[in-house]
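1. Just need the structure, nothing else, for what follows:
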Amino acid sequence: MAKPQFLLLLLLVLLLNCDLTSPSVFKIHSSGHQKLSTDSTTIPQPPPAKLLITQSRDLYFVVEINIGIPTQNFFNLALDINNPFTWVGTSKPNISHSFLAMPGKDPLCLPPLFASATSCAYDFGYARGIFGFDYFLGIESQTKAPFGWGIFTDEREEGVLRSTRDADGILGLGVGHPANLLEGLGAATLGQFSYCLPMNFMIEESFLQITNSTDRQHLPATLDFGENAAIRGHRAVKTPIVRLKGLGPTRDFSYLNLTGIYVNHHRLHIDTQVFHPSQGGFIVDTTSPYTILPEKAYKELRRAIHNFFSEQYPGLEPLKDPKSGFDMCLPTSPLVLRRPSIQLMFEGGAKLVLNPATTFHEFEDLNEFCLLILPRPSFHDGGSAPSVLGVLQQVGHRFHFDIHASILAFAPELCYTAA
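-> Reported below is the predicted structural model:
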């Protein structure tokens, strides 16, 4: 497993050695989202809005999606549920004949998008290009939705992973900007999506062993939209989504009201105001591998975990300088260490039990047994980054976001990467 300092702020972009082709190769679109016009090209009807999710070589997840005409333009896009922008980096910007460039005067062309000489452009530092509209086949075939088409650049933000080629861009499902894909797809999504992140084989075996489970009846890891996004059965629990306007597209998240943290069903003494959006808030994130908590909350959790292991294994003390990069680590033991149960409680009584197999990990080469949760860093200007539920702690559940109803539902689900 990679060290967390290389993974905390994944924006999941790849370096392509090419020059940006002039946007003049694109047709200019007049304004807004467009329905399919009558032309000589037949657009196939998509299957139910269900896309397969696969895990990259690092701890992020990609979705293969077909964009534009001809109908074999498949791209692997990294799933980012908080990013309002979807974009594709390619050396062949005219690969889709149906792409229509967004003019600079389009009402969707708002900062950080900007008007260029011939179109609406973007420059995120690590990627640049132009925004426009095209068909996202497999989700919706009748509506062209907004996204960016361009290239990756050499400029890198701190924490951005480079030199992997598992993704061609970002599939952003955030709604903090009017040019977001989720609302651009309209009736195909109904403002809803759900996903289950896949277990790899090692995590699955560990999970089944730790939980004493023999249940291997699980489903392919999918990203679902619209009516297909609903969680079936009666196991789902729900909590409200809190939206704060005016923070800008990079902070307009779907915040959750985290009301308590429990270790073995004992509530920790944490002032839950540390999770309020004014203090950074708490969000679910598909680009952060590990859960990150405010420092005060993390210290209480660390103390409870320390006390648990001290009582279970007298004399077993945390390492002073772990080599793994995590904070709460114990030396490995010939014994199979019991793992405490950690539960997150949300508004409305929705309880999320973190998977012990993905909340603790033994680094055999370092002889360290570590808690895969970290304290939250602060911005240099004194502000706070959001606390996050990372992907490792999401494994074993499906999460359903209903943006229009402002509800998050989740339920246990084991899923795998389809061969």
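
2. By residue count, what's the longest strand in this protein?
-> Assignment by DSSP state E gives strand 140-152 as the longest strand of the chain.

3. The helix or strand just after it pairs with which strands, parallel or anti?
-> Next in sequence after strand 140-152, counting helices and strands by DSSP states H and E, comes strand 169-172. With DSSP bridges as the test, strand 169-172 is paired with strand 74-80 (parallel), strand 87-89 (antiparallel).

4. Now do the end-to-end distance for stretch 385-395.
-> 23 Å (C-alpha to C-alpha, to the nearest Å).

5. which other helices and strands contact the longest strand of the chain?
-> strand 34-35, strand 87-89, strand 127-137, helix 181-184 (3 or more C-beta pairs under 8 Å, 6 or more residues apart in numbering; DSSP states H and E). From N, CA and C alone the C-beta is placed, and that goes for glycine too.

6. which other residues reach the second one?
-> With C-beta atoms under 8 Å, 6 or more residues apart in numbering as the test, strand 87-89 has contacts from 13-14, 16, 67, 75, 77, 122, 124, 127, 129, 147-152, 168-170, 172.

7. for the last one, same thing?
-> Applying C-beta under 8 Å, 6+ apart, the external contacts of helix 181-184 come out as 33, 86, 133, 136, 143, 145-147, 171-175, 189, 191, 193, 403.

8. what do you get if the cut-off is 6 Å, keeping everything else the same?
-> 33, 86, 145-147, 173, 175, 189 (C-beta atoms under 6 Å, 6 or more residues apart in numbering).

9. Repeat that for the third one.
-> Under the contact criterion C-beta under 6 Å, 6+ apart, strand 127-137 has outside partners 13, 23, 29, 34, 46, 66-68, 71, 89, 96, 98-102, 113, 119-122, 141, 144-146, 148-150, 152-153.

10. Listing request: residues of the stretch 201-350 of the chain with sub-threshold pLDDT.
-> In the predicted model, the stretch 201-350 of the chain carries pLDDT under 70 at residues 201-218, 245-251.

11. try 80
-> In the prediction, the stretch 201-350 of the chain carries residues with pLDDT under 80 at positions 201-219, 233-234, 244-252, 333-336.

12. those strands in it, which residues are they?
-> Taking DSSP state E, counting those that start in this stretch as the criterion, the stretch 201-350 of the chain contains strands spanning 219-220, 222-225, 237-242, 255-256, 258-263, 266-267, 282-284, 291-293, 329-331, 342-346, 350-353.

13. Now do the phi/psi pair for C109.
-> In this entry, C109 is assigned phi and psi values of phi -80, psi 70 (degrees, to the nearest 10).

14. hang on, the earlier thing: with G390 as the reference, name the closest of the strands of the stretch 201-350 of the chain.
-> Nearest to G390 among the strands of the stretch 201-350 of the chain is strand 291-293; the distance by C-beta to C-beta comes to 4.5 Å.

15. follow-up on the earlier one: is it possible to export the strands of the stretch 201-350 of the chain to CSV including mean neighbour count and distance to N180?
-> Output for the strands of the stretch 201-350 of the chain, formatted as CSV (neighbours: other C-beta atoms under 10 Å; distance: least, C-beta to C-beta, whole Å):
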stretch, mean neighbour count, distance to N180
strand 219-220, 14, 26
strand 222-225, 23, 13
strand 237-242, 18, 15
strand 255-256, 23, 17
strand 258-263, 19, 25
strand 266-267, 14, 37
strand 282-284, 25, 16
strand 291-293, 25, 24
strand 329-331, 20, 40
strand 342-346, 20, 24
strand 350-353, 17, 25
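
16. can you state the direction angle for the strand or helix carrying F410 and strand 237-242?
-> F410 is part of strand 407-412, with elements assigned from DSSP H and E. What separates the directions of strand 407-412 and strand 237-242 is an angle of 150 degrees, with axes from the mean of the first three to the mean of the last three C-alpha atoms, to 10 degrees.

17. Report the rounded mean pLDDT for strand 407-412.
-> Averaging pLDDT along strand 407-412 yields 96.

18. With only the CA atoms kept, save that strand in CSV.
-> Backbone C-alpha positions of strand 407-412 (Å, rounded to 0.1, in the frame of the first residue of the first chain) are rendered in CSV as follows:
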residue,chain,number,x,y,z
ILE,A,407,-30.5,12.8,1.1
LEU,A,408,-27.7,10.3,1.4
ALA,A,409,-28.6,6.6,1.9
PHE,A,410,-26.2,3.8,2.4
ALA,A,411,-26.4,0.1,3.1
PRO,A,412,-24.0,-2.9,3.3
